[in-house]
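Novice: Sequence and predicted model, in that order:
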Amino acid sequence: MIYEIRLHGRGGQGAVLAGRLLGEALMNAGHYAQSYPEFGAERSGAPVTAFLRTSDLPIEVRSPISRPDIVVVIDPYLSVDRQVIDGLRDGGLVVANAALAPDKLRGVLGVPAGCRVATVNATKIALEVLGRNNPNTAVLGALAEVSKIVQLEFLMDAAKRAFPGRVGELNAQAIRRGAEEAVVA
């Protein structure tokens with residue numbers, strides 16, 4: 001089965017990098033993965049969408065993802081924009097960087113009853129652990145914990161490879177905290 005994931009963020013928050021890290025973690029776990037971004041003019045703060053497909057079989061599809069199984073929202077302001085859940089499949093999952101409780105976010109976004117919603121205050125985690133507002137790895141930790149799509153250790157290893165040394169260790173900590181602090185409804 002192919003899982004399709006759409007990630008929403010803004011330039012500078014690491015949405016594209018999050019897709020790449022998740023893809024690498026999935027491949028290291030023995031899955032096939034395909035990750036690619038879609039954005040307009042490259043500038044900090046501009047909306048960015050990244051896509052990821054994963055499967056146990058080779059992936060032949062090469063189109064943008066319009067009917068995601070999972071929606072990941074990295075920017076807390078986008079987490080209240082109903083457009084982020086456009087096309088979400090029945091039984092899908094929304095993982096958002098939000099200080100809201102999952103049930104409250106479900107109502108704000110209009111997430112259908114058959115879908116799960118998870119929230120994590122990834123901005124708070126990023127500021128505490130990394131000392132800067134880069135919430136992408138904390139959101140990935142929440143995604144790994146809630147979806148079980150990849151083991152946390154594979155994701156942490158991918159972050160350590162992407163950011164050698166102390167920065168990698170701190171991002172691995174952010175991933176673990178995101179997993180620990182995710183709340184699901």
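Specialist: Sure, I can see it.
Novice: In space, what's closest to residue 117 - neighbours in sequence excluded?
Specialist: residue 102 (4.2 Å; C-beta to C-beta, 6 or more residues apart in numbering). Any C-beta I mention is one placed from the backbone N, CA and C, and that applies to glycine too.
Novice: contacting residues for that neighbour?
Specialist: 117, 118, 119, 183, 184, 185 (C-beta atoms under 8 Å, 6 or more residues apart in numbering).
Novice: now, which of these lie within strands?
Specialist: 117, 118, 119, 183, 184 (DSSP state E).
Novice: could those be laid out in TSV, adding neighbour count, distance to residue 151 and pLDDT?
Specialist: TSV is the format used below for these (neighbours: other C-beta atoms under 10 Å; distance: C-beta to C-beta, whole Å; pLDDT from 0 to 100):
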residue	neighbour count	distance to residue 151	pLDDT
117	27	22	98
118	23	17	98
119	29	22	98
183	17	20	98
184	15	18	96
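Novice: and the two most separated of these?
Specialist: 117 and 183 (9.2 Å; C-beta to C-beta).
Novice: Okay, buried residues for stretch 163-175 please.
Specialist: Using 16 or more other C-beta atoms under 10 Å as the test for burial, stretch 163-175 gives 163, 168, 170, 171, 172, 173, 174, 175.
Novice: I am assuming residue 55 contacts residue 31, so please confirm or correct that.
Specialist: Yes. With contact defined as C-beta atoms under 8 Å, residue 55 reaches residue 31; the gap is 6.6 Å.
Novice: The helix or strand of the chain with the lowest mean pLDDT: partners in the sheet, and parallel or antiparallel?
Specialist: Lowest mean confidence among the helices and strands of the chain (mean pLDDT, DSSP states H and E): strand 32-39, at a mean of 88. Strands adjacent to strand 32-39 in the sheet, as given by DSSP bridges, are strand 47-55 (antiparallel).
Novice: Average pLDDT for the partner strand, rounded please.
Specialist: Average pLDDT, strand 47-55: 93.
Novice: Following element in sequence after that strand, please.
Specialist: Per DSSP states H and E, the first helix or strand lying C-terminal to strand 47-55 is strand 70-73.
Novice: can I get the CA coordinates of that next one in CSV?
Specialist: Taking Å, rounded to 0.1, in the frame of the first residue of the first chain, the C-alpha atoms of strand 70-73 are listed here in CSV:
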residue,chain,number,x,y,z
ILE,A,70,-1.7,12.2,6.2
VAL,A,71,-1.4,16.0,6.4
VAL,A,72,1.4,17.5,8.4
VAL,A,73,1.2,21.2,9.4
